[in-house]
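Participant: Pasting a predicted model and its sequence here:
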Amino acid sequence: MNTSIHSGEELQSIYKTRFDGRFEYRKKVWSVLIRDYFRQFVNKHDTVLDLGAGYCEFINQIDCSKKYAMDLNPETVLQADKSVKVISHDCSEKWPLEDNSLDVVFTSNFFEHLSDKNALASTLKEATRCLKSGGRIIAMGPNIKYAGGAYWDYIDHHLPLTELSLSEAFSQSGLRVDKCIDKFLPFTMASGPHYPTFFVYMYLKLPFAWRIFGKQFLVIGGKT
């Protein structure tokens with residue numbers, strides 16, 4: 001993940017330990033998430049940046065024209081496909097990208113790793129600058145309202161957010177809030193059994209199940 005608190009080597013160690021034995025399963029889960037939900041927000045001609053790309057499960061598999069992955073974890077360079085340009089950069093500093101150069105900024109389980117709300121505001125400012133008019137940012141992450149104390153079970157969680165606080169941060173950054181879901185996916189894929197991916201498919205098709213099991217928000221903002 002992209003953060004100024006932990007060094008790249010620390011991030012590499014943390015995630016190798018946390019996700020050991022789950023890499024292939026996570027890739028399969030993301031394949032279903034993209035196919036049955038997220039691809040509706042990404043056009044095949046789009047330029048997409050995966051913010052806090054980690055092991056590149058999203059950016060490697062999404063169908064689009066140009067791909068960027070931003071992360072300080074050295075593992076990102078190793079996991080990214082040849083079609084992905086990796087940017088090893090602190091996301092709260094000015095991004096090495098031109099104004100109005102991105103159609104989509106996607107980020108999953110990343111904002112909670114930032115040091116504080118100032119870092120979040122700076123990051124969103126850069127995302128807004130780089131997005132084209134009509135571009136969008138798609139953000140998913142653990143909702144502190146529903147995750148409760150389990151939110152702090154991870155040493156690299158620093159910034160607690162809800163769907164409403166993130167929506168407010170979007171608005172302060174000049175982004176229009178197009179979608180705000182307080183309960184979307186379950187809390188984590190870092191632990192627990194490897195359920196068949198058919199369960200993921202069925203879960204996405206049954207929004208009432210989100211109200212029972214969902215502990216992550218999904219907020220989508222647009223640049224006007």
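Facilitator: Happy to help now that I have it.

Participant: Any idea which helix or strand in the protein has the lowest mean pLDDT?
Facilitator: In the chain, no helix or strand scores lower on mean pLDDT, DSSP states H and E than helix 8-18, which sits at a mean of 60.

Participant: Name the next helix or strand downstream of that helix, please.
Facilitator: Remark: after helix 8-18, the chain's next helix or strand is helix 23-36, criterion DSSP states H and E.

Participant: nearest residue to the residue positioned nearest the centre of the chain other than its sequence neighbours?
Facilitator: Centroid-nearest residue in the chain: residue 108, 1.7 Å away (criterion: C-alpha atoms, centre = their mean). Leaving aside its sequence neighbours, residue 108 sits nearest to residue 140 (C-beta to C-beta, 6 or more residues apart in numbering; 4.6 Å). Yep, even glycine has a C-beta here, placed from its N, CA and C like the rest.

Participant: what kind of secondary structure is the nearest residue to residue 83 once chain neighbours are set aside in?
Facilitator: Excluding its sequence neighbours, the residue lying closest to residue 83 (C-beta to C-beta, 6+ apart) is residue 67, at 5.6 Å. Three-state call for residue 67 (DSSP: H, G, I helix; E, B strand; the rest coil): strand.

Participant: do you know how far residue 67 is from residue 95?
Facilitator: Using C-beta to C-beta, to the nearest Å, we find residue 67 at a distance of 15 Å from residue 95.

Participant: Partner strands of the longest strand seen in the chain, with direction?
Facilitator: Across the chain, the longest stretch assigned as strand under DSSP state E is strand 131-142. Listed by DSSP bridges, the sheet partners of strand 131-142 and their directions read strand 102-108 (parallel), strand 216-223 (antiparallel).

Participant: Return the set of residues that bridge with the spatially closest residue to residue 136 that is not a sequence neighbour.
Facilitator: Distances taken as C-beta to C-beta, 6+ apart put residue 222 closest to residue 136, at 4.9 Å, once the chain neighbours are dropped. Note on residue 222: beta-bridge partners by DSSP bridges are residue 136, residue 176.

Participant: Contacts only, for residue 222.
Facilitator: The contact partners of residue 222, by C-beta atoms under 8 Å, 6 or more residues apart in numbering, come to 134-136, 175-176, 178.
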